[in-house]
Structures are given as C-alpha cells and as structure tokens.
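Trainee: Everything below, folded, please.
(chains A and B, ligands or ions: 2)
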There are 2 protein chains.
Amino acid sequence: MLLFRSLLRRIHDLSPVRMIFLFYFLAAIISTILLALPIAHQQGVQLAFIDIIFTAISALSVTGLSTITVADTLSTPGIIILAIIMQFGAVGVMAIGTFIWIILGKKIGLKERRLIMTDQNQTTFEGMVRLIKQIFLVLLTIELLGFLILGTYYLQYFPTTAEAYLNGFFSTISAITNGGFDITGESLIPFQQDYFVQFIHILLIIFGAIGFPVLIEVKDFLFSKYDKRKFMRFSLFTKLTTVTFLFLVVIGSISIYLFDMKGFFADKSWHEIIFYSLFQSVTTRSGGLSTMDVSQLSEQNNLFMSFLMFIGASPSSAGGGIRTTTFALVVIFIITYARGGNSIRIFRREVHEQDLMKAVTVTLMAIMVVFGSLLLISIVEPFTITEILFEVTSAFGTVGLSMGITSELTTFSKIFLMALMFIGRVGIITFLFMFKNNKQNGKYHYPKERIIIG
Amino acid sequence: MLLFRSLLRRIHDLSPVRMIFLFYFLAAIISTILLALPIAHQQGVQLAFIDIIFTAISALSVTGLSTITVADTLSTPGIIILAIIMQFGAVGVMAIGTFIWIILGKKIGLKERRLIMTDQNQTTFEGMVRLIKQIFLVLLTIELLGFLILGTYYLQYFPTTAEAYLNGFFSTISAITNGGFDITGESLIPFQQDYFVQFIHILLIIFGAIGFPVLIEVKDFLFSKYDKRKFMRFSLFTKLTTVTFLFLVVIGSISIYLFDMKGFFADKSWHEIIFYSLFQSVTTRSGGLSTMDVSQLSEQNNLFMSFLMFIGASPSSAGGGIRTTTFALVVIFIITYARGGNSIRIFRREVHEQDLMKAVTVTLMAIMVVFGSLLLISIVEPFTITEILFEVTSAFGTVGLSMGITSELTTFSKIFLMALMFIGRVGIITFLFMFKNNKQNGKYHYPKERIIIG
Ligand SMILES: [K+]
Ligand SMILES: [K+]
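Mentor: Ligands and ions are numbered 1, 2, ... in the order given. Below is the predicted model:
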C-alpha cells in the first residue's frame, strides 16, 4: 500500500501530458496482450498483429472503428476483455482529463471545489482519487441500470438468457463509454424497428458524451437539499457544452433528414424518419453505434456527418473531436469579431481570451491534421475522398462510424488512423503540449509592426 | 472638374467597405451591359443572361472561371472589352485595398509614408490619387513590355500580325491581372512545349499576385540613390508575403510533382516536369492560366491544389483567397502557441495580436464559407466532391482553374460561385465588415469564467 502510494505520488509528479502518455502506452500494451491471448479468440480464428493492436487502440480510445468483425472473431472471454478495455479507456482519460481540469484551477461542482480549495497540494490528490471514485460510481450505477434493462428486454431477441444478458452487458458498455463496438455483427441494425432499444442507447450515448463535469453538477443539483439548491449555479462550462450538444443533435437530425429527404428517407414513415435521423445525429457526437448502413446515405450527407464527427463530444467526456465547447467558442468568436465587438459574452459571463485562443488553435490544428491525413491516406487507398474523409473524421472524433472501408485499408492507413484516434481521444490541445518547450520565450520584445490580413 | 472632385469627396466619405461595394455594383452592371452588346459577340452566337453576368463577374473579380469558351463566342471588340474589365477589376480593388491600407495607418514605402503623414485628411486623398497613378504606371509599364515581347514572339504562331499582337495583348492582360481568361480556347496548352512563353507568363502572374505594396517598395528601392538605399528597410509585410509566396510556389511545385510522380509525370522529361509542376504551382497563387488539363492529375493532387488555391495570392494584389500573409500568420500562430510562447516574432518584429485575430478569423470564416458552399453545391450537382471543391476554392481564390465542370453547372451553382468570386476578391475581412455593427459593444463587462477547450 505504501509502495502503491509512493508510485501514485511519482505518477502525480509527472506533467499531465506525460501522465496521459504513460497511461496510454501501458494500457495499449496490456490491451494488445489481452486481446492476443488465444482464449480471447473463437476457435480457428487467426488475427494479424496489426488488427489486434488496431482493435486494442480503437477500444482504448473508445472509437469503435474495427478491421475485424467482433462477432465472428472474439470468444465470450474476448468480448468481456474488449468491454473492460473500453471501460478502462473511457474512465482513464476522463479521470485524467478531470484531474487536469482541477489543477488548472477550474471548478467542478460546489462540494468538490470547497474540498480542493482547502489545501491545494494534498487535496488535489485526494480530490482526484475521490473524483475517480465518483466517476466510477456514476458510471457503474448507470451501467447496472442499462445492463438490467437491456439484458432483460433482450430475452425476447436471443435464444438463451446468457446470450441476452451478454448482449445487454456489452451493448450498455459500448454505448455509455461511447466505444461503439458491437457483437451483433451489424451494430444496432437488428433493432432498426425497436424504438425502445434505440431510445435506451441514445440516453446511454449522451451520458457518455455530454462530459463528466456536467453529470457531476447535475448529480450535485439533484441530490442537494431544496434550500441549498437555489444558491447553486451551473458552471458556464456546463451550460455552454449542454446547449451546444443539444443544438448539434437537433440541427444534425434535421439536416441529416433534409440531405436525404428524396433519397434514403423518401419511403420512410414519420417515426422511422425521426428515429433514423435522431440516432445518426446522436451517434456522430461520438457514440459510433448505428441503426443503418451510413453509406446508404447520399455523399453530401456523409460529408455533413464528417463535419459533425469532426466536432465530436464534450470535453472531459468519453468522446473525441475538437469538442463541443471549442466549436461553440469559434462560432461565437467569429460572429462577435465580425460585429466589431471586443469581448465575448455568453450566459452573462465573459470568456477568457486565453480560452478563445485555445479554441481557435485547436480548430485550425485539427483541420490541418484531418486534411493532411485525408491527403496522405488518399494517395495509398483506392477509395473516394468522401469515404476517406468520413473514416478520418470518424477516427479523430473517436466516433467509429464507417462507410465500410476500415477492414480493407492498408497497414499504413491503419497506423495513421490509430494515431488519429489517439489524438482525438486525448484532445488536440493535450497533444499540442507534447511539443511545448519550457524555455522562457516571452522575456524580451521586438518592435511590433502591422501586417495586411486577407 | 469641380463636380468630379466633389463626387470623389463624397465617395471618399463612404466607409471603405461601402466604397468597394459601390465600385463592384456599378462595375458589375457596366461590365454586364458591355458584354451583352451584340458587337461583343461573334455572329450567330446567343448567350444566356446568366452566362453573360457570370463572365462579367468572373472578369471583374479577375477569376477566370468561365461558362463559355471565349474564343468561340466573343468577337475581337468583345475580347478587348473583356481585357478592359479585367484591367479595371485588378486595379480597382487593388487601389481601394491600398487606400484602406493607408487610412488604417499602415505604411507603403518610404516616400509615400512621409507624404501621407504630413496632413492626414488632405494627403490621404492626394496620396490615394497618387497611388492609383503609381499602380497604373507600374502596371502599364509591365504590360507594355509584356505585350511587345509576347506579341512579337507570337508572330511565329499566328497567321496574321494582328492575331499575334491581339493574342499578345490579351495574354499579357490576362496574366498580369491574374484574370486567367484565354482566347486560345484551351488556355496555355498550345504552348505546352514553349518554355519562353511559359516563363513570361509566370513572371507576369507573379507581378500581379505578389501584392502592389511589394512592387512599390521594390521600385522605391531600385530607383533610390545608393547612399539612401542603405537606410531603407523593407516592411515586415513585404518580407512576410514575399517569403510565403515563394515558399508556396516551391513547396507547391515539388508536391504537385510528388503526388503524380507515378501518374501524369511518369513519362515526362526533367524539363517538362519542372515546367509543368512550376507553372501549375504558380497559377494556383491566383493566375488561373494552365499549361495542362488539371483533371489529368490524380484526385489527391487536385485536392492539394484546392488547398493552394484556398490560400491564394498576397493581400492588395490582383488575387484572392485567404491571402499568403493570413496563411503565414496562422501557421506561425499555431507553432508558437504549441511551443508555449506568447508573442509571435518574424524577421525580428512582433506581430500585433489584432492581426493574429484577424488572420485566424479570416481562415476559420473562409473554411466555413468554402465547406458550406461545397455542401450546398454538391446537393444540386452530379459531380464528385473533389471536382466541386476544386471549383469552389478556385472561385474563392479567384484562380479560375477548373476540372471542367463550370459550363455544366446549374444556375444556382453559378450564382453561388459568383458570390464566392466576389468574397474571394474583396477579401473575407472586408466582406465580414459588412455585418459589423457600429453600436458600442465593449463598455460594460461581465465576470470572466474559464471553459474547457478541446
Ligand atoms: K465511439
Ligand atoms: K485568376
């Protein structure tokens, strides 16, 4: 226990970025080893090493892109291992992300904040442990509920009780961690007509993608006494990310429908239209499960979905991409700038200029990364630009949707996608700080001079 | 004369943005009327109104995208009208752009600066008139040289002297204004093997695209006495835009070659490789003339060229796009931010934060405009995403290259492209200021609160 604490202290002394790298590196090795175990495979199945490591990274980054069909290759122990990797991947980065958030002085609900502010050094650490516990608790509670509801409901679909509950278990984990893997062999397509199953999955995906600080604040709010409640205020972060999230879901659904009004949706009933478009919109937030083959949609719809996936989920969630808050700040930034205003105000709060700079940097950097990847992968692959862009944004947003080309990609592209899943998952800002040099750079100043822009 | 001066004063009192709009609006009407005149057409040719106005806007914005084949539709007077429209379009916005630059307090060479600083109100106006004269003088000198050299050289190509010099005249105007129209019916493809013609055109395109302030500063430098010369310093703007321009040309050429090393360039000799890739790289800076059918290149090469066209030419030049300086600042901004530095330094000068904000806004806004246009146009057109993206960035960068779909587009798309050519030409920052509201917006402040980004 003392040894463990001392080890924890050492890890704690690492920079947050190094911590994430260390976590990822070790977790990737362990996950790959576990998935390579013969017991994880069905009898007679031979997997290439690149596919094992791709699956491990995809599960760990809770992306769900897959070069294999899980249902045809992994055994029941293999499926459970995969679920554990997803769980670990979702909680791991979420916990570390939340921790970074704390040490950067951002607040995370009222109780946590008071606790942390008592003694910075000691309680940051205590607070972190406590928070990881809270994350686990919230997740496990929802997961248990999901497992019981889905598992029991699935009894009508599967021949044995064991199969029903295995599916309920895996499906719940895959949805709430935003892992996006499936053991049906065709995602949620078998439940195309079952709106109950879809509804539960939509809820689970949103829980995973809306951001852990939001869940904590809502939990604090719901479980605090009435007289205290009126003094509580949701943080600007919670408000902004929730509004943006819901806005994207609604606009996404409507647009996905409109783009294929005369195509895929032409012969669908109103309730089919609502559930197909809503599910596909929600899943681009980072879920990755799907109730249809997305390549059935038109090319411009896939292009639009690529845009949605590029944005991705909320920060400190199980999702990836540039994140909802980044997108919101960039849009607000442009509008305010165009209108000649100087400071950005949302919900009666001003946004820090530093945050704006971050949002803008993240977005521009992400566009470069995605466009560069698209260009390079398109050289070696025979697929269309739209198919490759869809795959690239899906990896970067750790969404896991695909137009069906993942398993046919070359090893070069698979390695590229693994890197994108990693960058998308830890967040481009964290990734950027890899290159941050520590030598002081702002001590002396040159004269300033104006430049003509655009 | 008094009336004219009073009119000029009134125009001068308009905001720069309104001035550009007024200029554009009037010029567009006049250009369309001129091109609609029967004398401008070859006998028996009937043109749709949308094609006439598209040609007028394309010439006025010196883009060169065309829904008609000039050689088969316009008469000799029509060709001369087209050349005049391009000349007017190039000088007009360039002059107004330079004027805006002056009243924003940016310097434009040493003599001009001293002159303007004597008396702000009076000499800004005088300075403007003087500058437009200078622009005309520099342009006309280079044009006269180009006309004489090309016209005389073309005698070997064309049956009559008149035809040779008409081609020399039009070709010179089209290259230096970056207009990009041709009267050969197939751009510079007839001169595929004539490196002299290509070299002259490369020079002319660069003169038009490198930015007028650069030309003025270089002229000042070359024509000042030796003892004064050592005290002269090129402005940060000139250094940055020139270096970026040349960097893009070199990297562009190499990349264009590498992308099709095993394709288009596989059977080419070393000098063909150099001239094909160099010409296509230079022309994406905004020229629009081409020595080959760009759709012969691979899809990823066209995608890469779309990226180059999106960047476009230098500010205050005859070109469009986000502009070279914008691109340079964005790249430097990201690198510096990632390395943790606070201020951006180039050539021993610091960049204004306001300029950085501008660069970033322009880029993000431009990406939205281009992506939005791509999405909308792709709904109504049967062409591939790459073909449409190429067309859209070509219009936005006022480049005028096309994979050959321009004439087959619907009226909806043509109107869209016209808007893009306009936005690309006046610059997105000017376009943004259309929406700028004048009411004070920064007087009171809300509390600031941090937000998690990416
Ligand atoms: K996912
Ligand atoms: K052009």
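Trainee: So what does the residue nearest in space to the middle of chain A have for phi and psi?
Mentor: Nearest residue to the geometric centre of chain A (C-alpha atoms, centre = their mean): A:Gly319, 0.8 Å. Torsion angles at A:Gly319 (phi, psi; degrees, to the nearest 10) stand at phi -100, psi -180.
Trainee: per-residue confidence for it?
Mentor: At A:Gly319, the pLDDT value in this model is 85.
Trainee: can you pull the contacts of it?
Mentor: Contact analysis of A:Gly319 by C-beta atoms under 8 Å, 6 or more residues apart in numbering or on different chains lists A:62, A:178, A:208-209, A:285-286, A:312-313, A:397-399. All C-beta atoms are positioned from the backbone trio N, CA, C, and that covers glycine.
Trainee: redo that, cut-off 7 Å
Mentor: A:178, A:209, A:285-286, A:312-313, A:398 (C-beta atoms under 7 Å, 6 or more residues apart in numbering or on different chains).
Trainee: show me what contacts the nearest residue to it once chain neighbours are set aside?
Mentor: Spatially, and ignoring its direct neighbours in sequence, A:Gly319 is nearest to A:Ala313 (2.3 Å; C-beta to C-beta, 6 or more residues apart in numbering or on different chains). Counting by C-beta under 7 Å, 6+ apart, A:Ala313 makes contact with A:178, A:209, A:285-286, A:319-321, A:323-324.
Trainee: Need these in CSV (columns: secondary structure).
Mentor: Converted to CSV, those look like this (DSSP: H, G, I helix; E, B strand; the rest coil):
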residue, secondary structure
A:Asn178, coil
A:Ala209, helix
A:Arg285, helix
A:Ser286, helix
A:Gly319, coil
A:Gly320, coil
A:Gly321, coil
A:Arg323, coil
A:Thr324, helix
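Trainee: Give me the mean pLDDT for the helix or strand that A:Leu246 is a member of.
Mentor: Following DSSP states H and E, the helix or strand that holds A:Leu246 is helix A:236-259. Helix A:236-259 comes out with an average pLDDT of 90.
Trainee: now stretch A:158-166: how far from the chain's centre is it?
Mentor: Computed by C-alpha atoms, centre = their mean, to the nearest Å, the chain-centroid distance of stretch A:158-166 equals 29 Å.
Trainee: Actually, stretch A:279-287.
Mentor: Centre to centre, stretch against its chain (C-alpha atoms, centre = their mean), the figure for stretch A:279-287 is 10 Å.
Trainee: Then stretch A:358-377?
Mentor: Put simply, stretch A:358-377 sits 17 Å off its chain's centre (C-alpha atoms, centre = their mean).
Trainee: Show residues contacting it.
Mentor: Contact partners of stretch A:358-377, identified using C-beta under 7 Å, 6+ apart, comprise A:310, A:322, A:326, A:329-330, A:333, A:385, A:388-389, A:392-393, A:396, A:413, A:416, A:420, A:423, A:428-429, A:432, B:300, B:303-304, B:307, B:330, B:334, B:337, B:360, B:363-364, B:367, B:453-454.
Trainee: Show me what the helix holding A:Leu246 is packed against.
Mentor: Applying 3 or more C-beta pairs under 7 Å, 6 or more residues apart in numbering or on different chains; DSSP states H and E, one finds that helix A:236-259 contacts helix A:212-223, helix A:270-282, helix A:299-311, helix A:324-338.
Trainee: Kindly recompute the last result at 8 Å.
Mentor: Helix A:236-259 sits against helix A:212-223, helix A:270-282, helix A:299-311, helix A:324-338, strand A:345-346, with contacts defined as 3 or more C-beta pairs under 8 Å, 6 or more residues apart in numbering or on different chains; DSSP states H and E.
Trainee: got the angle between it and helix A:212-223?
Mentor: 110 degrees (axes from the mean of the first three to the mean of the last three C-alpha atoms, to 10 degrees).
Trainee: Okay, angle between helix A:236-259 and helix A:324-338 too, please.
Mentor: Between helix A:236-259 and helix A:324-338, the angle comes out at 90 degrees (the same axes, to 10 degrees).
Trainee: Would you mind listing the buried residues in helix A:236-259?
Mentor: Of all the residues in helix A:236-259, those buried under the rule 16 or more other C-beta atoms under 10 Å in any protein chain shown are A:236-242, A:244-245, A:248-249, A:252-253, A:255-257, A:259.
Trainee: B:Gly185 is nearest to which of the helices and strands packed on helix A:236-259?
Mentor: Minimum separation from B:Gly185 across the helices and strands packed on helix A:236-259 (C-beta to C-beta) falls at helix A:299-311, 32.4 Å.
Trainee: can you tell if that closest one touches ligand 1?
Mentor: No. Between helix A:299-311 and ligand 1, judged by C-beta under 5 Å from the ion, nothing touches; the nearest distance is 9.5 Å.
Trainee: so what does that helix touch, helix or strand wise?
Mentor: Here helix A:299-311 touches helix A:236-259, helix A:324-338, helix A:385-396, helix B:353-380, going by 3+ C-beta pairs under 8 Å, 6+ apart.
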